[in-house]
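Any chance you can model this:
(chains A, B and C)
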Amino acid sequence: MFKTYSSALPQSLSRGLVGATRQTPTPFIQFVRGKRTKKYDLSPAAQKLITQLSVLSASRKQPKMLKLCPEDFVKHNTVQEAYKLITRKRKKAENEKLKQQYESMKLACEDLSKVSPELFEAANKREVSKRFSLELRVPTNYPPNVPWYYDYTPESPEDKK
Amino acid sequence: MIVPRLSARYMSSGPIKSSLMLSRIPIVTRALNPFEKEYFNYQAELERRLMRTFPQYYYFKKGTLAERKFLDIQNGVISKQPNVWYPKGIPDVKHGRDRRFKQNILIPGEEANKNDEKNLSRPIEVNARVTEADKTNNMSSLNRKLSHTLYLIVKEKDQWKFPSFNLESQSLHTAAEKGLVDLGGNQIKIWTVSNTPAAVIKYCEGELVAPTYESPDERIERHYIIKSHIVAGSFQPMNIEYKWVTNDEAASFFDNSYFQQVRHLLANF
Amino acid sequence: MSFGTGIWSNFSKRSTSLTVSSNKIKQGLLNAGLPFGPATLRKRSSRIKYSPPIGLSTVYPLAYEILELESTQIYKILSRQANELSMEQKEELLVRAEYHNPEVVFKSHFQTNSLDRTQPVYRRYLREKWENHDKMLLMQRLESLHAIPDTLSTLDPRCDVVLRFPHNNVHTTVEPGQLLSSNVTKKPPSLEVVEFDPIPDDLYTVLIVNPDTPDLENDTFSTTLHWALRNVPLSSSDISIDALKLQECPERELVSYLPPVPDKNAPVNRLVVWVFRQNQKELTDSEVAREFFDIRGFVAQHSLTAVGAHIWRSGWDRNVPNVRDMYGLPKGRVFHRVRR
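Numbers count the residues shown, from 1 in each chain, chains lettered A, B, ... in the order given. You can find the predicted model right below:
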């Protein structure tokens, strides 16, 4: 917090006085807020780099290993198995549904090809550069301030021009 | 038995209609069941326990006021002293955190007024997942059941169904899109998933039959279902009853036979 | 449904070996928290300073309920279709019904010495443990010591063979491939044959062969039969073959035990234990030659199925003459670098 200055004069000036007869200057103490009192050989840039690397390094920041007693080990496994079970069941049901949807689509297409080849061709035409609509939003945990945008008016042909 | 391909192609058919399965995708995530809720809480707690110590010296420069403010509000930890017996285990304090436990970091800051719109650090207030439309059970609103997919159903001849439209020498999906605008006004924006029909529903003399049912004469009426999502706007028909329903509610509105034929097309949530 | 009301607390049809006997541990597993503290920890100080993970006590009862419900459904399937299911399917369902029962998991992990082998689920846990270490170790030793194919062509191990020698009252098991002193092997070993398959009780044949007996005339090595047992009945509750069992029925010992007495300066001898299932057929052979034993011919002749094996090695040591005296064997040969 305190720094002693050896000279009241700037060094360049005092150096200029070398040849002349010179009195020993009286040292004085100046308070500098936030100044390190310890002497560091490192430059501030190097010190900054060390701090940054220390953030990345694991030393002393790793938590202690989690040690469970046998009962809690079994309980933890039980919880994980229960989650696996319900996930597995959900995945299975989803796959089943996808299979059904595919089958029904296939059936509809086969039926359409028999009934009306023209419609079948139109229904299976390649949709080049079809993209998801940007307005379709991903579900969030809580709804937006206006859940549904009702005030929609389609663009009129004049607007496009 | 091999059916000649030609005869199949030129099979005479009855009327063809395009049926639109218009859905509103969920706005909020699905509700978790009690187990999932507790499980995610447990996992989050484990993660906190196994998280690295917060390097506060990186974020707060030493000797600054900000560091002082930060350190002042942190809950202190018991440090290890010589010749002291610790019944709950010897503390292992590194960087101001007992490494045996999770670290609770408190962030300094004054209590901001939540009504102060300009203050960015005001506490976040979340909107309710249950809306006004849920409380009044307004089934024609798109604001209801935000965590579920809603489907548009209309009443045709005293029966609830997906709306179906006649073809006028178009493709199936354009007929469905045009038919919807004709029926419910053009204040609506939809995004059709695919031109390909998702299913076929067959009627023989007004009676629902299985999709595999074949008949040589022209008595079968076919409804091809096109899937589509509503993006914005609303469905406002002039003189027809309509509802936005979830998959569970659809089961009670539809005829059982009709529901069995479309239930696999409905989303789980 | 909560703890103590579901299928996992109902012992009218289930075996009581599916529950933990210690009340403190049982209460720890059948409660959300630990009412008696971590009872399995030995030291009092570790019990005091133990802190369970946050959130576990709230999620555990829900998880238990989910898994118990699944088990209830499996037991329903078992009772409804008891006659239609094959033995393997039944075993599989019984394993699935109990595999995640916390009490069973606890016993299978921490009380492995007292597991009830008649229960399919414990057999499954034991098999997994065996397959993850002991089976691989055995196969590695059999192959690197060339017991396969020097004795039999190959082996698909179906059971764990535990070998013990009753020397010096120390009942430690022998790890496959260990080099044993002649003092250890002077008396016949006792065996445990741990079957993991759901098989009916069967008769077993045990052979101990040494493929390293020097055959000077033909300038090669020959196989000697050191011990042969036949028609040994084993079941899932009775798995051991020891001196007591053989005393009861002496005719089960086809060829009496000959301890390995290697000659001085001969290479280390491999002693391979083979365990065979007889597939319910009795072995009525009376005479088997000990020297120049043809193990492949013997197995083919009696159509035996090799299900387990073990191996140890014996070299010459200073105690070998004593063992020879004990069994009244002639003095051993001494080999030299140059044949004399």
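
contacts and neighbour counts: CA atoms only from here.
OK.

Near chain A, which residues of the stretch 101-250 of chain C are found?
C:101, C:102, C:105, C:106, C:110 (CA under 8 Å from any CA of the partner chain).

change it to 7 Å
For the stretch 101-250 of chain C, the residues found near chain A under the criterion CA under 7 Å from any CA of the partner chain are C:102, C:105, C:106.

what about whichever strand in chain B runs longest, distance to the chain center?
In chain B, assigned by DSSP state E, the strand with the most residues is strand B:220-233. Its chain's average C-alpha position is 19 Å from that of strand B:220-233, according to CA atoms, centre = their mean, to the nearest Å.

If you count contacts, what does it end up packed against?
strand B:16-24, strand B:188-192, strand B:199-204 (3 or more CA pairs under 7 Å, 6 or more residues apart in numbering or on different chains; DSSP states H and E).

Let me see the residues that make contact with it.
The contact list for strand B:220-233 (CA atoms under 7 Å, 6 or more residues apart in numbering or on different chains) reads A:135-136, A:149-152, B:13-24, B:173, B:187-194, B:196-205.

mind checking the backbone torsions on residue 64?
Picked chain A for this. The phi and psi values for residue A:64, taken as degrees, to the nearest 10, are phi -70, psi 150.

and if you look at residue B:135?
phi -70, psi -40.

Tell me how many other residues surround it.
9 (other CA atoms under 10 Å in any protein chain shown).

repeat for residue B:210
Neighbour tally, residue B:210, other CA under 10 Å: 14.

contacting residues for residue C:175?
Residues near residue C:175 by CA under 7 Å, 6+ apart: none.

which residues touch the helix or strand bottoming out on mean pLDDT in chain C?
In chain C, no helix or strand scores lower on mean pLDDT, DSSP states H and E than helix C:243-248, which sits at a mean of 85. Counting by CA under 7 Å, 6+ apart, helix C:243-248 makes contact with C:190, C:252, all of which sit outside it.

Following that helix in sequence, what is the next regular element?
strand C:253-255 (DSSP states H and E).

residues making contact with that next one?
Counting by CA under 7 Å, 6+ apart, C:227, C:228, C:229, C:230 sit against strand C:253-255.

mind listing which of those residues are in strands?
C:227, C:228, C:229, C:230.

List buried residues within those.
Buried subset of those (neighbour count, 16 or more other CA atoms under 10 Å in any protein chain shown): C:227, C:228, C:229, C:230.

Nearest residue to the last one in space, please, no chain neighbours.
Looking back up the chat, that one is residue C:230. Of all residues not flanking residue C:230 in the chain, residue C:205 sits nearest, at 4.4 Å (CA to CA, 6 or more residues apart in numbering or on different chains).

Is the one you found in a helix, a strand, or coil?
Under DSSP: H, G, I helix; E, B strand; the rest coil, residue C:205 falls in the strand class.

Same list (the residues of the stretch 101-250 of chain C next to chain A) but as CSV, adding secondary structure and neighbour count.
Output for these, formatted as CSV (DSSP: H, G, I helix; E, B strand; the rest coil; neighbours: other CA atoms under 10 Å in any protein chain shown):
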residue, secondary structure, neighbour count
C:102, helix, 27
C:105, helix, 24
C:106, helix, 22
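
Which of those residues sits closest to residue C:285?
Nearest to residue C:285 among those is residue C:105, at 45.7 Å by CA to CA.
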